[in-house]
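Trainee: just to be clear, the model below is a prediction. Sequence and coordinates:
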Amino acid sequence: MKPDKSLTIEYVPCDHLSQLYLGLKRLAARNYIDLRLQRVKSPDDLKPVVKATLETPSHGRVRIVYDTLDGFNWLDDLTETENLQHFRDTFKTDFYFKRSFNEHLLKFAPAQCTVMPLGLIFPVIDDVELPSRLSPNSISGLLNRLRPRNDDQTQRAPRITFDYPPICHQKSKVLFLTALSNPSVVPAGRHRDERLKNNELRIDAVRHVRRTFGLHCTAGLSDNEVSRKVAPDLVMPSSNTNRESFSKLVKEHNICVTTSGLHGSIGFRFAEYVMASRAIISQPLVYAPAGNLTEGVNFLGFRTPPELCERAEQLMSNRLQMEEMMRRNYQYSLAYIHPEQHALQTLLAAQAFQQSIDEA
C-alpha cells in the first residue's frame with residue numbers, strides 16, 4: 001500500500017545532510033513516506049540548506065527548509081546582522097528547521113514561517129552510498145537500493161557506528177581528540193580570529209588534560225599541516241584518529257570532551273558522544289538543539305582548560321552522576337539523533353503545527 005505522505009527534497013551531497021537523508025531513506029523503506037529526491041543545479045556551489053515539500057491528504061502541501069549550516073552564515077561576506085536580515089527577506093517557506101537555532105533567530109523569522117531547531121547532526125556512512133551527483137538513473141537506482149535486502153544477498157562493508165548503550169566502565173578515562181582549523185583559508189578578520197582563538201583553546205586544553213590525567217586519558221590533535229606546525233608534540237597517529245578507530249575509542253572512555261565548532265556551532269562530535277551514551281564535557285552551547293538536552297544533565301560545561309579538568313574530576317568522583325548522564329544521553333539519542341528519529345521529528349512537528357492552525 002502506497003504511503004499517504006510524500007516528501008520531495010532537494011539533494012546536495014555533503015556530510016552535514018547525510019544523517020537527514022539516511023533518516024528519510026529509512027522512513028521510505030518502512031513505507032512511512034513516499035520519498036522523492038530532486039536534483040539541484042551546481043551542487044558544488046551550494047551550502048547545506050535544502051528545500052522540501054511535504055504533501056499529506058489532511059494538510060495539502062507544506063513547504064519545509066532544512067538548514068545544517070554551522071551558524072548564521074548563509075552568505076560568507078556579510079556580518080551576522082546582515083545575514084539574519086538576508087534570512088528574513090529571502091526564504092519563503094512554511095517551516096524552517098535550523099541546526100544552529102536560538103531565540104535570537106526568531107526575531108528575524110520570515111513572514112508566515114515557523115522556525116524550529118533541527119537538532120544535533122553527525123556524518124553517517126550507510127550500506128547505500130549517496131551519489132556525488134544525481135541523474136534520473138541514479139535517483140531511481142538509489143531509491144531502489146533503499147529496500148531491505150537479506151544479508152546473504154550482498155557483501156557489505158563493516159558499518160562505522162557510534163551506537164552504544166550506557167555502559168560505565170570500571171576504570172574511568174577521559175577522551176579528548178580534536179583538530180585545528182587552518183586560519184589562512186579565510187580572509188583576515190573575525191572568521192580568521194575565531195579559528196585562531198579556537199585553536200589556542202584546544203591546544204591549551206589538550207595540554208591540561210594530559211598533565212592532569214596522564215595514563216587515564218587519550219588526548220591529542222588530529223594530524224594536519226596546522227597541528228604539525230604549531231603543536232607537533234600533541235599530534236596523534238592517524239591510527240587513533242581515523243573514523244573507525246575513533247568510534248572504538250569513544251566507547252572505551254567514560255568521559256568525552258568536545259569544544260565549539262566554527263561560528264559557535266555544536267560539532268559533530270557532540271552528537272556522536274550522545275549517541276554513544278557517554279558522559280560529556282563541552283563548552284557552553286551557543287545554540288539550542290531539539291528536545292530537552294540540558295547542561296548539568298546531559299553534559300557539563302567548561303569555559304577554561306582548568307575548569308574542563310575540574311569537570312572531569314567531578315564526574316570521576318561521582319559515579320552516580322556519570323551513570324545518570326549516560327542514561328539521559330542514551331534516551332535523548334533514541335528520541336532525537338538516530339537518523340530516522342532525526343527526520344521523523346521534523347515531519348511530525350510540521351504536521352502537528354499545521355493541524356493546530358487548521359483547527360484554530
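Mentor: In hand now; what should we look at? Numbering: from 1, shown residues only.
Trainee: check which helix or strand covers residue 280.
Mentor: Element membership for residue 280 (DSSP states H and E) is strand 279-282.
Trainee: nearest spatial neighbour of residue 283, skipping sequence neighbours?
Mentor: residue 260 (4.7 Å; Cβ to Cβ, 6 or more residues apart in numbering). For every residue, glycine as well, the C-beta is placed using N, CA and C.
Trainee: doesn't residue 332 lie inside a strand?
Mentor: No: secondary structure of residue 332 (DSSP: H, G, I helix; E, B strand; the rest coil): helix, not part of a strand.
Trainee: can you verify my assumption that it contacts residue 276?
Mentor: No: in this structure, residue 332 is not within contact of residue 276 by Cβ atoms under 8 Å, at 11.9 Å.
Trainee: who does residue 35 bridge with?
Mentor: residue 7 (DSSP bridges).
Trainee: tally up the residues packed near it, please.
Mentor: Neighbour count of residue 35, defined by other Cβ atoms under 10 Å: 23.
Trainee: I'd guessed it sits against residue 22; true?
Mentor: No: Residue 35 is beyond contact range of residue 22, at 11.4 Å (criterion: Cβ under 8 Å).
Trainee: pLDDT weak spots in this structure?
Mentor: For the chain, the stretches flagged by pLDDT under 70 are 42-45, 125-160, 353-360.
Trainee: outline the domain layout of it.
Mentor: Domain segmentation of the chain under automatic domain parsing yields 6-155+338-359, 174-337.
Trainee: residue 162: which of these is closest?
Mentor: Of all the domains of the chain, it is domain 174-337 that lies closest to residue 162, at 4.4 Å by Cβ to Cβ.
Trainee: okay, how far is it across that closest one, tip to tip?
Mentor: Length of domain 174-337, first residue to last, Cα to Cα, to the nearest Å: 23 Å.
Trainee: paired strands for the strand holding residue 280, with orientation please.
Mentor: By DSSP bridges, strand 279-282 pairs with strand 255-258 (parallel), strand 299-301 (parallel).
Trainee: a helix runs through the residue nearest to residue 283, doesn't it?
Mentor: No: read with three-state DSSP, residue 260 is coil and lies in no helix.
Trainee: just give me the neighbour total for it.
Mentor: Based on other Cβ under 10 Å, the number of other residues close to residue 260 is 20.
Trainee: and the one 5 residues further on, by the same measure?
Mentor: Using other Cβ under 10 Å as the criterion, residue 265 is surrounded by 20 other residues.
Trainee: do residue 58 as well
Mentor: Neighbour tally, residue 58, other Cβ under 10 Å: 10.
Trainee: check whether it sits in a helix, strand or coil.
Mentor: coil.
Trainee: quick one: it from residue 209, how far?
Mentor: As for residue 58, its distance to residue 209 is 53 Å (criterion: Cβ to Cβ, to the nearest Å).
Trainee: same question, residue 312
Mentor: 7 Å.
Trainee: which one's more surrounded, those two?
Mentor: residue 312 (27 against 24).
Trainee: list the contacts of residue 312.
Mentor: 174, 209, 212-213, 255, 257, 281 (Cβ atoms under 8 Å, 6 or more residues apart in numbering).
Trainee: before we move on, the earlier item: now list whatever residues contact both of residue 312 and residue 209.
Mentor: 174, 257.
Trainee: shouldn't residue 205 be in contact with residue 303?
Mentor: No: under the criterion of Cβ under 8 Å, residue 205 makes no contact with residue 303, lying 10.8 Å away.
Trainee: more neighbours: which of those two?
Mentor: residue 205 (24 against 10).
Trainee: A strand includes that one, no?
Mentor: No: Residue 205 sits outside any strand when classified using three-state DSSP, being helix.
Trainee: for it, what are its contacts?
Mentor: 176, 178, 257, 259, 305, 308.
Trainee: could you measure the closest residue to the third one other than its chain neighbours against residue 8, distance?
Mentor: The spatial neighbour of residue 257 that comes closest, neighbours along the chain excluded (Cβ to Cβ, 6+ apart), is residue 176 at 3.9 Å. The gap separating residue 176 from residue 8 is 42 Å, by Cβ to Cβ.
Trainee: next one: residue 350
Mentor: With Cβ to Cβ as the criterion, residue 350 and residue 8 are 14 Å apart.
Trainee: so for these two, which sits in the more crowded spot?
Mentor: Neighbours per residue, other Cβ under 10 Å: of residue 350 and residue 8, the larger number sits with residue 350, 22 against 16.
Trainee: where's that one, which helix or strand?
Mentor: helix 339-359.
Trainee: dump the domains of the chain to JSON lines, plus distance to residue 165.
Mentor: Shown next, in JSON lines, are the domains of the chain (distance: least, Cβ to Cβ, whole Å):
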{"stretch": "domain 6-155+338-359", "distance to residue 165": "13"}
{"stretch": "domain 174-337", "distance to residue 165": "6"}
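Trainee: looking at those, which is buried most?
Mentor: Among these, domain 174-337 has the highest mean neighbour count (mean count of other Cβ atoms under 10 Å), at a mean of 18.
Trainee: circling back: as a markdown table, the contacts of residue 312 with distance to residue 91 would be great.
Mentor: Putting these into a markdown table (distance: Cβ to Cβ, whole Å) gives the following:
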| residue | distance to residue 91 |
| --- | --- |
| 174 | 42 |
| 209 | 42 |
| 212 | 46 |
| 213 | 46 |
| 255 | 40 |
| 257 | 36 |
| 281 | 36 |
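Trainee: closest one to residue 46 out of the residues you listed, please.
Mentor: residue 257 (32.8 Å).
Trainee: run through the bridge partners of that closest one.
Mentor: residue 281.
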